[in-house]
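>>> quick one: sequence plus predicted model below, questions after.
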Amino acid sequence: MKIAIFTDTFYPEVNGVARTLHRFTHYLERQGFSYKVFAPESVSNEYVSDHIHRLKSLPFFLYPECRLAFPNFMQIKSEIERFSPDLIHVATPFTVGLSGVYYAKKFNIPIVGSYHTDFSDYLHFYDLEFLSKPLWKYMKWFHSPFQKLFVPSIDTLEKLNIRGFSNLEIWPRGVDCQLYHPNYKKENVRNRYRISEKLILTFVGRLAPEKDLHTLMKTANSLPAEIKQQVHWLIAGDGPLLDELKTSAPLNMSFTGFLKGEGLAEVYSASDLFIFPSPTETFGNVVLEALASGTPVIGANSGGVRNIISMGVTGHLCEPGNAEEFTQRIVQLLTNDSLRRQMSLNARKYALTQKWDQIFENLVDHYYSVIDAPAKKVYA
């Protein structure tokens, strides 16, 4: 099987879509499948591969990790004809994704897609709600040709189903439990960030409006004095709100900048709780990484996060934007060591069941079912 993947973001860009697709291409390579990725050029140009066809691009204003590419259609046509894919997978709804749809139609190649980001949910945080109706209209049109549309969570499937999207299948995410685990030396993190407080609370993610960091900061400032003096906050990530957050941050909060690999895994492992107020996640990769690290999660009861956290078992879900409820749940767990330890064990046990290879194997099975289905045109 030969697979062409069209995506507007790919490694070394840092976001859930790029990381998932990069891991998937490694799986395809190990399994002996041929693949070709069509993606925007990378700013750093640190990742070069014969399997990737890069396109000139500029950052997308709403989500800089996704870049708006300027496809050279003659080059793409030549690559497609040379590679002759059995299936096209379109991962994003921008210009590269549109190119994938176009060539699937032109050469009558079976096509599937994946829905990774609820851009409509972002509009509220950028005062662009007036774009919601045309955005949904476009998204439905864009995804309508796909013979299967893969979504990361039950929550996303239900949301799209209500809006009339069809051919929906769940493609969840896994976690690397060899990298993310509870057994790192916690002193390394404490020494690195000069933490003397007894307890560590952590947030990991893009420092941008759609993560609802206003609720995070309000929660940090609302903790009772006797709890606050025992707590140190670690904020791991980068983004447009970094300078603003540093200005308003309490004294017991440190900003680590962007972390990856063992540096990130150590922070998860050293944390007593992971706090994640973002209401816009279609899945929530960082939540699963925290659980794999044995760290209970207090998250927003919204999006894909609600499908990962088991209430009272691996963490708690709070009403989005309700800093008071986040504060109450934090106090509840920080004052109950035995419950927190049990949640830590439960979290790790759950994460161990979320295996990437099994998830990718199921996706490839779906590919085969599409390829083997009776031939039909991409558009009616």
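Thanks, I have the structure now. Numbering: from 1, shown residues only.
>>> with just CA atoms, put the helix or strand hosting His22 into PDB.
Using DSSP states H and E, His22 sits in helix 16-30. The C-alpha atoms that make up helix 16-30 are tabulated as PDB, following Å, rounded to 0.1, in the frame of the first residue of the first chain:
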ATOM      1  CA  GLY A  16      -0.600  17.600  18.200                       C
ATOM      2  CA  VAL A  17      -1.200  17.200  14.500                       C
ATOM      3  CA  ALA A  18       2.400  17.300  13.500                       C
ATOM      4  CA  ARG A  19       3.500  15.000  16.300                       C
ATOM      5  CA  THR A  20       0.800  12.400  15.500                       C
ATOM      6  CA  LEU A  21       1.500  12.400  11.800                       C
ATOM      7  CA  HIS A  22       5.300  12.200  12.400                       C
ATOM      8  CA  ARG A  23       4.800   9.200  14.700                       C
ATOM      9  CA  PHE A  24       2.500   7.600  12.200                       C
ATOM     10  CA  THR A  25       5.000   7.900   9.300                       C
ATOM     11  CA  HIS A  26       7.600   6.100  11.600                       C
ATOM     12  CA  TYR A  27       5.000   3.300  12.100                       C
ATOM     13  CA  LEU A  28       4.500   3.100   8.300                       C
ATOM     14  CA  GLU A  29       8.200   2.900   7.700                       C
ATOM     15  CA  ARG A  30       8.600   0.100  10.300                       C
END
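>>> which non-adjacent residue is nearest Lys260?
Distances taken as CB to CB, 6 or more residues apart in numbering put Val14 closest to Lys260, at 7.5 Å, once the chain neighbours are dropped. (Glycine included, C-beta is placed from N, CA and C.)
>>> returning to that earlier point: counting contacts, what elements does the helix holding His22 pack onto?
On a contact count with 3 or more CB pairs under 8 Å, 6 or more residues apart in numbering; DSSP states H and E, helix 16-30 meets strand 2-6, strand 34-40, strand 63-69, helix 285-292, helix 356-372.
>>> look at the residue nearest to Lys260 and report its pLDDT.
In this model, Val14 is scored at 81, pLDDT.
>>> separation between it and Leu55?
Relative to Leu55, Val14 is positioned 19 Å away (CB to CB, to the nearest Å).
>>> any idea how many residues pack against the closest residue in space to Gly321 that isn't next to it in sequence?
Among residues not flanking Gly321 along the chain, Thr215 sits closest, at 5.4 Å (CB to CB, 6+ apart). The number of residues packed near Thr215 is 22, by other CB atoms under 10 Å.
>>> and if you look at Lys355?
14.
>>> contact partners for it?
Lys355 makes contact with Gly174, according to CB atoms under 8 Å, 6 or more residues apart in numbering.
>>> roughly how far does it sit from Cys177?
Lys355 is 8 Å from Cys177, by CB to CB.
>>> same check on Ser196?
Counting by CB to CB, the gap from Ser196 to Cys177 is 31 Å.
>>> comparing the two, which residue is more hemmed in?
Cys177 (19 against 7).
>>> just checking, that one touches Thr353?
No: the pair Cys177 / Thr353 is not scored as a contact, 9.6 Å apart, by CB atoms under 8 Å.
>>> any idea which helix or strand carries the residue of the chain most remote from its centre?
Residue distances from the centre of the chain (CA atoms, centre = their mean) peak at Glu226, which lies 34.9 Å from the mean C-alpha position. In the assignment (DSSP H and E), Glu226 maps to helix 225-228.
>>> now the following helix or strand past that helix: mean pLDDT?
Under the assignment DSSP H and E, the closest C-terminal helix or strand after helix 225-228 is strand 231-236. In this model, strand 231-236 has a mean pLDDT of 98.
>>> and the contacts of strand 231-236?
Under CB under 8 Å, 6+ apart, the answer for strand 231-236 is 189, 193, 195-205, 207, 220, 223, 245, 249-250, 252-259, 264, 267, 271, 334.
>>> please redo it, this time with the cut-off set to 7 Å
Strand 231-236 is contacted from outside by 193, 195, 197, 199-204, 220, 223, 245, 252-256, 259, 264, 267, 271, using CB atoms under 7 Å, 6 or more residues apart in numbering.
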